[in-house]
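Peer 1: Sequence and predicted structure, then a few things I'm wondering about:
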Amino acid sequence: MFNNKVYHKIDALSGSVATLRAEGVKYNEIAEIESRAGTSLAQVIKLDGPNVTLQIFAGARGVDTAAKVRFLGETMKVPFSEALLGRAFTGSGIPRDGGPAITENPSPIGQPSVNPAKRIMPNRMVKTNIPMIDLFNSLVISQKLPIFAKAGEPYNELLARIALQADSDVIVIGGMGLKYDEYLKFRSTLDKSGALAKTVMFVHTAADPTVECKLVPDVSLAVAEKFALQGKDVLVLLTDMTAFADAMKEIAITMEQIPSNRGYPGDLYSQLAARYEKAVDFDGAGSITILAVTTMPGDDVTHPVPDNTGYITEGQFYLRNGRIEPFGSLSRLKQQVNKGVDKFVDVDGKKVNINKTREDHRTIMDAMIKLYAQYKETIEKQSMGFKMSAWDQKLLKYGAMFEEKMMDLSVNIDLIDALDLGWKILADCFDRSEVGIPSKLSDKFWPKA
Amino acid sequence: MTATGKIVAVNGNMITVAFDGAVAQNEVGYAVLGNERLMAEIVRVRGTRCDLQVFDATTDLMVDDKVEFTGELLAAELGPGMLAQVYDGLQNPLADLAKEASKISKDAEFFLQRGMYLPGLPRDRKWDWHPLAKVGDRVTAGEFLGWVTEGIFDNKTMPGHKIMVPFAFRGAYTVKALAPAGDYTVTDDIATLTDASGRDVKVQMMQRWPVKVPITCFTERLEPTETLETTVRTIDTFFPVAVGGTYCIPGPFGAGKTVLQQTTARYAKVDIVISAACGERAGEVVETLKEFPEIVDPKTGQSLMKRTIIICNTSSMPVASREASVYTAVTLAEYFRQMGLNVLVLADSTSRWAQAMRELSGRLEEIPGEEAFPAYLESRIAAFYERAGRVKLKDGSTGSVTIGGTVSPAGGNFDEPVTQATLKVVGGFHGLSRARSDARRYPAIDPLDSWSHYNSVIEQARVEKARTILRKGNEVGQMMKVVGEEGTSLADFTTYLKAEFLDAVYLQQNAFSDSDATTPIERQRVMFDVVEKVLQSDYSFTEKDATRKFFMDLQQTFIDWNDKPFQSDEFKSIESSLYKKVESAQA
């Protein structure tokens, strides 16, 4: 049933929400509001008898009580075609880069969840050439992983680097609450390297209406899902999910919902999970991998947004002082890919070794982290004025080398080179017998003097 | 006559309906949306209006859309065909949903389609029915009429799958007729029973039971005295779980709740495991799905999947069916308990279930309690765990349901409502600590904070002594951080090393190592004897370095011992060498 009627009277306006009387309106359908403030889309978020509550995407500022409201009879859709690649849009799908609007193939957003029976076990690594990821906490296709950082950390630089270096078919960037210059920087970085041609951007900047911020993950993931169903490996980069949660909070409070924890709505977990769980490796199609920045207000991981996120995602990276912290950072799926044994799968009819790592991967990973932990203890001892033993001196040398050659984010090397580098650092600082590595491996890999 | 109604309001997954006729609290209704029928459950009735939570997305529903009530409560189908299944929270088999959805389009098979509900038990499959009762027998609800073979219930290593008088039957019945042995589907009539008033009732293998109502076809509840063997040393020895008991595992994210649940699902010595993945990650379910079929259950010699049922309502699936999922799980468990089996229900995570209640309560605009959870949170949690228990059945045998639930406290802080409400009603508390998991000491069950009211596999007094050393060792460790090793007495230092030893060789257990992941009770007893000897001995050392060296060596030998097959020659020789090492160093 198509509802052609135009309504002219809005009864209530509050925040980005408008209420009016209308008939034959479907829950979640989209309406067009034409007012003094211009034309905007809006979504039905509540039906109560004759009263229809609308969330206006462009915000309610300037919307007058005599605004024209026309219901479109369908839910929010996002166009989908190859022409999206290389383009940038707002949260509601309007071009942001001056290019032509795309209207092909409108596909609904926020589709049902994937049937767990149609998922496959993740088993392919996403190479980033960042040793702290590839070597110590490998990112795996179909993984959902947040980057926890406090404001001011170079998380967007990190995302941009991963976007450039990851070997995925399509990249979807969802920006929420970005500063305009951050958006421009993303664009120019990708453009310079040529990665822009395989990238779609949906960007909400800090100056845009809040409701659009809330739409960004849904729109980004709907497009990602379409590409994945075509067999593409899609990498979705979302920044910043805390801005998304804050947009939800703002809207929930306007709607007079009962807040649960620090003002966030009671369904924060479900809402975040509905987005993150879009990460998938389809049994018989492509995949979606999600890397999302979650800024931690006050560097507090127990804040509701990072806390709920941690329960949903498959691990987390802590970005601290411009480095990925080895402690606390965790990839829950790394065990699936760092065994170091060859693993062949059928890719387009060819047998491809998807486990291009080495048998020393896990051992180097464990040994280096354990020694780095000891280095941290030594630093503590040193700062308390205890005397440094010969062993302590070795650890101090090791720690400095590890931080400079492995942890620094500017390090850009292949996984195999990183493994070799690991052996070299160990050999520069320690004797073979001091690193706790089984002789079977050190016989083979310990660098000859 | 069932009622019908019309939608008057839609808000999220809640609809308000004006109805004609009579409706019941928790009755199921369907909102009609073109060709789709969306399942919903009444959660509140006020005058001629009722509120329903919809088990699907409410998109496109309109005011004045029709709602049809069924007159039934939300129910599960019980009978042969449930084992090895993967269900959603409403008992829809997920593999069948994918197959059915593939008829719509190629892409559709990947997704859970709205309004698609399939029977929990396969309708076309035939089961080999063997009657047990005889014509003329007097029977009541829950008594056995016959059996069929199904997977592990092969009537060889395990008895057959019992077909019972439907639990909803009240009073006594006389068996009037029984179908002869042969192959029948779950909906074929297999018996005719006559009730006290002389009315005949036909009985099928399948029966339906409302999930939110406990099944009570037993003569009495028994005290849970027997230890449930999980083969996790920390649990069985220090914080045991009883057959028919309840326990909870609260812990911050990344502390290993799910791994612990998965280990338990694998190795626990029970007949059936029902895993409810309630609002958690889909990836973890996939792991179980792909791995369990390949693991052989030593008890039956068949794949582990055959003793397992997975109820999978992951975090992105509709929140109302998440609420239903834990009830579905426990109802299925009670069904198997009625056959005289020991069933373990693992709910991961009950916090997500509580959050589902909170979301609904918010939509109903109920007055919120602490952290906006509803005031009835505690009584719901208590009622859920009360469905566990060991019972004496009508034929004198016993059956049990054990419930273990994980809790995901916000910010890892145990002072939140769900953890606190759970702690009041469970018999065991396995608190996971961030400090232990950061130190890679798995399982991260905190040995100082956790507790259990159940019987250990080791005498209580001996366990207490070991815990005392843990406690003292921890105190010394704290002190040493301030005064350093130099400022610690040799006696205190030795206590500290003893505690570290106990932790390293006994409490810590590698869930990913084939040899260490599972320690049966007999082996735990032998191991504990050695550990006790180490802990209770006084040593002749005069300086700390020698003491440390001794304990390091002991620890290394013990860890090697953990790798050896139980009671093998190597095992025995290392065992005696451990005793010798201790004796030679004794004061």
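Peer 2: Thanks, I have the structure now.
Peer 1: Only C-alpha atoms from now on, for both contacts and neighbour counts.
Peer 2: Fine.
Peer 1: Which residue ranges of the stretch 251-400 of chain A form strands?
Peer 2: Here the stretch 251-400 of chain A has its strands, by DSSP state E, counting those that start in this stretch, at A:259-261, A:264-265, A:280-281, A:287-295, A:315-320, A:323-324, A:330-331, A:344-347, A:350-353.
Peer 1: Hmm, I typed the wrong one, I wanted the stretch 1-150 of chain A.
Peer 2: A:6-7, A:10-14, A:17-21, A:30-35, A:38-48, A:51-56, A:68-71, A:77-78, A:87-89, A:107-108, A:125-126, A:139-140, A:144-149.
Peer 1: Generate CSV for the strands of the stretch 251-400 of chain A, with mean pLDDT, distance to B:Ile367 and mean neighbour count as supplementary columns.
Peer 2: Formatted as CSV, the strands of the stretch 251-400 of chain A follow (pLDDT from 0 to 100; distance: least, C-alpha to C-alpha, whole Å; neighbours: other C-alpha atoms under 10 Å in any protein chain shown):
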stretch, mean pLDDT, distance to B:Ile367, mean neighbour count
strand A:259-261, 85, 12, 18
strand A:264-265, 92, 15, 24
strand A:280-281, 94, 39, 26
strand A:287-295, 96, 32, 28
strand A:315-320, 94, 36, 22
strand A:323-324, 92, 44, 23
strand A:330-331, 89, 40, 21
strand A:344-347, 63, 55, 12
strand A:350-353, 64, 58, 12
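Peer 1: Can I get the ones you listed in JSON lines including distance to chain B?
Peer 2: As requested, these are exported to JSON lines (distance: least, C-alpha to the nearest C-alpha, whole Å):
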{"stretch": "strand A:259-261", "distance to chain B": "5"}
{"stretch": "strand A:264-265", "distance to chain B": "9"}
{"stretch": "strand A:280-281", "distance to chain B": "8"}
{"stretch": "strand A:287-295", "distance to chain B": "12"}
{"stretch": "strand A:315-320", "distance to chain B": "7"}
{"stretch": "strand A:323-324", "distance to chain B": "16"}
{"stretch": "strand A:330-331", "distance to chain B": "8"}
{"stretch": "strand A:344-347", "distance to chain B": "17"}
{"stretch": "strand A:350-353", "distance to chain B": "21"}
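Peer 1: Tabulate those strands (CSV), appending distance to B:Val63.
Peer 2: Below are the strands of the stretch 251-400 of chain A laid out as CSV (distance: least, C-alpha to C-alpha, whole Å):
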stretch, distance to B:Val63
strand A:259-261, 27
strand A:264-265, 26
strand A:280-281, 36
strand A:287-295, 37
strand A:315-320, 43
strand A:323-324, 52
strand A:330-331, 47
strand A:344-347, 50
strand A:350-353, 55
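Peer 1: in the chain, which ranges drop under the pLDDT threshold?
Peer 2: All of this is about chain A. Counting by pLDDT under 70, chain A contains low-confidence residues at A:1-3, A:341-356.
Peer 1: should've been chain B
Peer 2: Checking chain B against pLDDT under 70 turns up B:1.
Peer 1: Mind doing that once more with 50?
Peer 2: In the prediction, chain B carries no residues with pLDDT under 50.
Peer 1: Regarding it, what is its longest helix?
Peer 2: In chain B, taking DSSP state H as the definition, the longest helix is helix B:460-483.
Peer 1: Pick out the residue nearest the middle of the chain.
Peer 2: You didn't pick a chain, so chain A it is. A:Ala292 (2.0 Å; C-alpha atoms, centre = their mean).
Peer 1: Please refer instead to chain B.
Peer 2: In chain B, the residue lying closest to the centroid (C-alpha atoms, centre = their mean) is B:Leu346, at 1.6 Å.
Peer 1: Measure how far stretch B:400-408 is from the centre of its chain, please.
Peer 2: Its chain's C-alpha centre and that of stretch B:400-408 lie 5 Å apart, by C-alpha atoms, centre = their mean, to the nearest Å.
Peer 1: Please apply the same query to stretch B:73-82.
Peer 2: 18 Å.
Peer 1: neighbouring contacts of that stretch?
Peer 2: B:26-28, B:41, B:90-91, B:119-122, B:127, B:148, B:150, B:161, B:163, B:186, B:205-212, B:309, B:328, B:331-332, B:335 (C-alpha atoms under 8 Å, 6 or more residues apart in numbering or on different chains).
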